[in-house]
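Novice: Here is the input, now give the coordinates:
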Amino acid sequence: MLVGLGADLDHNAFSFIVEANRRFGESVKISLDVRLMQSTEANDVLYSIKEDDHLQLTVEYCY
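Specialist: All right, here's what the predicted structure looks like:
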């Protein structure tokens, strides 16, 4: 599991990241990827992607 939090207090911007995966037996793997961004100032780099949050859940089965 990987968890990260970034904060830019000068521009009131935050980013949050979670990456995790888990194996169930020999053949099933579940992965989770979450990326959240927030910014309130138009001159901040994250402002242009403030609405582009990402959530991905992947289930892999190998036989």
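Novice: Parallel or antiparallel, list what pairs with the host helix or strand of residue 30.
Specialist: Here residue 30 is covered by strand 28-39, with elements defined by DSSP states H and E. Strand 28-39 pairs in its sheet with strand 13-24 (antiparallel), strand 54-61 (antiparallel), by DSSP bridges.
Novice: doesn't residue 38 make contact with residue 47?
Specialist: No: the pair residue 47 / residue 38 is not scored as a contact, 9.6 Å apart, by Cβ atoms under 8 Å. Bear in mind the C-beta positions are built from the backbone N, C-alpha and C, glycine included.
Novice: Now for the two: what residues contact both?
Specialist: Overlap of the contact sets of residue 47 and residue 38 (by Cβ atoms under 8 Å, 6 or more residues apart in numbering) consists of residue 13.
Novice: which residues are contacting stretch 33-49?
Specialist: 8, 11-19, 50, 52-58.
Novice: start to end distance for it?
Specialist: One end of stretch 33-49 to the other measures 17 Å (Cα to Cα, to the nearest Å).
Novice: who's the residue nearest the centre of the chain bridged to?
Specialist: Centroid-nearest residue in the chain, with Cα atoms, centre = their mean: residue 35, separated by 2.0 Å. Beta-bridge partners for residue 35, by DSSP bridges, are residue 17, residue 54.
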